[in-house]
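Undergrad: how would this look folded up:
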Amino acid sequence: MNILMMTNTFTPHVGGVARSVEAFSAEFRRRGHRVLVVAPEFENMAEDERDVVRIPAIQRFNGSDFSVVLPTPGFLNSTVERFRPDVVHSHHPFLIGGMALRLAHVHRIPLVFTHHTMYEQYTHYVPGDSKALKRFVINLSTSYANLCSYVIAPSQSVAEILRSRGVTVPIEVVPTGVELERFAGGSGAGFRAAANIPEEAFVVGHVGRLAPEKNLAFLAEAVAAFLKSEPRAHFLVVGAGPARGSILGSLARRGLAERVHFLGVLEGPLLISAYRAMDVFAFASMSETQGMVLTEAMAAGVPVVALDAPGVREIVIDGENGRLLEHQSTDDFAAALREIAGASREGMERLRRAARVTAEAFSMKRSADKALAIYRKLQRQHYARRDAVYNKWRAAGRLIGAEWNLLRGITKAAEVKSRAVKADGKPLWRPDGG
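TA: Numbers count the residues shown, from 1 in each chain. Below you'll find the predicted structure:
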């Protein structure tokens, strides 16, 4: 089968969508399928990529770590004709997702859309963030979903939200699977030694992109409260992003900087060893559609303390493989960490066993089986054109295009201002026009 994956984020970007596309693509290829990934250019991307088409993009859009593709009409037509995909799998409803929709419509190819993200929780990256913009983003993703042949939800919580918003096409729950065999290895003791973490320390860990929408200000406060009450505790953070400074500042103000360890972005055996170095995984994000890092931690036998949220409640079972907290309270979160830190050896081993059992239910093998079953089902069906709905989408696209041109102008102006400030310390222009 020829599978065309189209995504706005891909390696070396760090995030759930990029990791999901990479993981599914690798598993499909292992099974003998051809996969072509279409993604934006990113800084520091590999030079020897195979079966990846990169589209020119603005780097670090609006101060984020995202790349935003530039409009490239007709850029992929010849590529698609040569590849002859059996299915197009889109991972976003805008930008490259719009290209995926056009290609599927023009070439009469089934289109599958994975609704990875609650996009309304990311509008702070766009100038002019407002309630109206959040509503627009919700309506956009819902309309996009209804133009697809099939929608994949990473969790049951997301599937229910999509149905409540008016998605009427078939929805299947397919989480991004975890490769269980990989997480059976690694050396937690070796990682602690390399990171200068005491062998006897109780380690609270976190892995992920360090960004504001991940609720990291709350997490830092809660972990700081726990570290204050537990002198042997340390905090291990794996990841990078704009929130790093605020996390460190929050703990430094309490005199805890020496017990915080930032390791940056880790991959492969180093990432697995980092998980193995943890005693508990702390997670406070309320914006996830699926907690991939939660299943990874559990595959390594690490129990989790997390806030109850979509994409989390399907994984963390309160009192069984960790603690799932109903309310966002720093005191409650710190108390849950203390509870696990104070568990007996038998109690901790019971939590670890339950975590591994949970991870088995989210294996990559199971998830890939589900995704391929959807592709095969669509191959057997007659492709149904929805010209009227598609034309409405194109009209909306022209409006989005106008907004994009304005947005691009704002971004360029901001870049010019930034360069001027760096050059002589004085702004080139002021908001009041001076």
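
Undergrad: For the stretch 101-250 of the chain, which segments count as helices?
TA: For the stretch 101-250 of the chain, applying DSSP state H, counting those that start in this stretch gives helices covering 131-146, 156-165, 188-194, 216-229, 244-252.

Undergrad: Quick one, which of those gets closest to residue 22.
TA: The minimum distance between residue 22 and these falls on helix 156-165, with 20.5 Å, by C-beta to C-beta. Where C-beta positions appear, they are placed from N, C-alpha and C, glycine not excepted.

Undergrad: neighbouring contacts of the closest one?
TA: With contacts defined as C-beta atoms under 8 Å, 6 or more residues apart in numbering, helix 156-165 is touched by 115, 118, 138, 142, 145, 151, 153, 171, 173, 289-290, 310-311, 313-314.

Undergrad: how distant is that helix from the center of its chain?
TA: Mean C-alpha position of helix 156-165 versus that of the full chain (C-alpha atoms, centre = their mean, to the nearest Å) differs by 18 Å.

Undergrad: could you give the angle of it to helix 131-146?
TA: Compare the direction of helix 156-165 with that of helix 131-146 by axes from the mean of the first three to the mean of the last three C-alpha atoms, to 10 degrees and you get 100 degrees.

Undergrad: Quick check: buried residues in helix 156-165?
TA: Buried residues in helix 156-165, counted by 16 or more other C-beta atoms under 10 Å: 157-159, 161-162.

Undergrad: Walk me through the domains of the protein.
TA: The chain breaks down into these domains under automatic domain parsing: 2-177+366-424, 184-361.

Undergrad: Quickly compare these and say which is most buried.
TA: By mean neighbour count, with neighbours taken as mean count of other C-beta atoms under 10 Å, domain 184-361 ranks first of the domains of the chain at a mean of 19.

Undergrad: can you give me the strands for the stretch 251-400 of the chain?
TA: 260-262, 280-283, 304-307, 322-325 (DSSP state E, counting those that start in this stretch).

Undergrad: Give me the lowest-pLDDT entry from the contacts of helix 156-165.
TA: In terms of pLDDT, the weakest of the contacts of helix 156-165 is residue 118, which scores 67.

Undergrad: so where is this protein shaky, pLDDT-wise?
TA: Applying pLDDT under 70 to the chain flags the ranges 13-14, 57-75, 118-134, 382-434.

Undergrad: sorry, back to before: any chance of the strands of the stretch 251-400 of the chain in TSV, with distance to residue 365 too?
TA: Formatted as TSV, those follow (distance: least, C-beta to C-beta, whole Å):
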stretch	distance to residue 365
strand 260-262	33
strand 280-283	23
strand 304-307	22
strand 322-325	24
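
Undergrad: Could you point out which of those strands sits nearest residue 50?
TA: Closest of the strands of the stretch 251-400 of the chain to residue 50 is strand 260-262, at 32.7 Å (criterion: C-beta to C-beta).

Undergrad: If you count contacts, what does that closest one end up packed against?
TA: Strand 260-262 sits against strand 233-238, helix 244-252, with contacts defined as 3 or more C-beta pairs under 8 Å, 6 or more residues apart in numbering; DSSP states H and E.

Undergrad: could I get the ones you listed as TSV with distance to residue 80?
TA: Shown next, in TSV, are the helices and strands packed on strand 260-262 (distance: least, C-beta to C-beta, whole Å):
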stretch	distance to residue 80
strand 233-238	37
helix 244-252	40
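
Undergrad: that older thread, and the buried residues of helix 156-165, which is closest to residue 218?
TA: Looking at the buried residues of helix 156-165 and their distance to residue 218, the nearest is residue 157, at 20.1 Å (C-beta to C-beta).

Undergrad: And the residue nearest to residue 178 when sequence neighbours are not counted, how far from residue 176?
TA: In this structure, residue 178 finds its nearest non-sequential neighbour in residue 295, 4.5 Å apart by C-beta to C-beta, 6 or more residues apart in numbering. In this structure, residue 295 and residue 176 are 8 Å apart, going by C-beta to C-beta, to the nearest Å.

Undergrad: what's the answer for residue 296, then?
TA: Counting by C-beta to C-beta, the separation of residue 296 from residue 176 is 10 Å.

Undergrad: now swap in residue 368 and tell me
TA: For residue 368 relative to residue 176 (C-beta to C-beta), the value is 10 Å.

Undergrad: Ok, residue 331 next?
TA: According to C-beta to C-beta, residue 331 stands 33 Å off from residue 176.

Undergrad: Over to residue 35?
TA: Note on residue 35: its distance to residue 176, by C-beta to C-beta, is 15 Å.

Undergrad: how long is stretch 311-319 from one end to the other?
TA: This stretch, stretch 311-319, spans 18 Å end to end (C-alpha to C-alpha, to the nearest Å).

Undergrad: out of the strands of the stretch 251-400 of the chain, nearest to residue 271?
TA: Of all the strands of the stretch 251-400 of the chain, strand 280-283 sits nearest to residue 271, with 12.9 Å by C-beta to C-beta.

Undergrad: Partner strands of that closest one and their direction?
TA: Paired neighbours of strand 280-283 in the sheet (DSSP bridges): strand 202-207 (parallel), strand 304-307 (parallel).

Undergrad: Could you check the angle the longest one makes with strand 233-238?
TA: Computed by the same axes, to 10 degrees, the angle separating strand 202-207 from strand 233-238 equals 20 degrees.

Undergrad: between strand 202-207 and helix 244-252, how many degrees?
TA: Here strand 202-207 points in a direction 160 degrees away from that of helix 244-252 (the same axes, to 10 degrees).

Undergrad: from the chain's centre, how far out does strand 202-207 sit?
TA: On C-alpha atoms, centre = their mean, the centre of strand 202-207 falls 19 Å from the chain's centre.

Undergrad: Give me the residues contacting it.
TA: By C-beta under 8 Å, 6+ apart, strand 202-207 touches 192, 197, 219, 223, 226-227, 230, 232-239, 271, 274-275, 277-283, 293, 296-297, 302, 337, 341.
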